[in-house]
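Participant: Kindly return the folded structure for what I paste below:
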Amino acid sequence: MKNLMEEEGLPYGKRSMTYNSRLAQELSKWSDSQPDGQRIHAGLYRAYFVEGKNIGEIEELLHITEKAELPVEEAREVLEKRRLREAVDLDWGKARQMGVTGVPTFAAGQYMVVGAQPYDVLEQLVQSAQKNS
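Facilitator: Predicted coordinates:
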């Protein structure tokens, strides 16, 4: 993974732990409803893959939310009350129905590739989907 990230010029730190990302997924789902909510994604990536932070902890997620300049107290309520638990469960169910077996999964048309992929693989995915649409 580190080599792929370096090839693409993306930062990637040394990780010694894997953390449960479920709450981060719920936070991400919430951020989709916020103006400029997409900013949370870069923060989550950096925290987990570059800095090795535990994105399963609410306080860490709130710190990321604050850095993304999103409403921290609203995010706290979403996380503590697990308001988007069912919505994420539905997303997981849809992913299973589609045959998703890992993350990231890139889908275009009837084609999918799983895992971090070089640009040319993603380009081929899109081209294959365009040819068969």
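Participant: just for the chain, where's the confidence low?
Facilitator: Scanning the chain with the threshold set as pLDDT under 70 gives 1-2, 4-5.
Participant: domain parsing for this protein?
Facilitator: Described in terms of automatic domain parsing, the domain architecture of the chain consists of the residue ranges 2-98, 101-133.
Participant: Check which helix or strand G43 maps to.
Facilitator: helix 39-45 (DSSP states H and E).
Participant: can you map out the helices along this protein?
Facilitator: 2-7, 22-31, 39-45, 58-67, 72-80, 85-98, 119-131 (DSSP state H).
Participant: which one of those lies closest to F106?
Facilitator: F106 lies closest to helix 119-131 among the helices of the chain, at 5.9 Å (C-beta to C-beta). Placement of C-beta: from N, CA and C, glycine included.
Participant: tell me how far the closest one is from the chain's mean position?
Facilitator: If you compare the mean C-alpha spot of helix 119-131 with that of the full chain, they lie 21 Å apart, counting by C-alpha atoms, centre = their mean, to the nearest Å.
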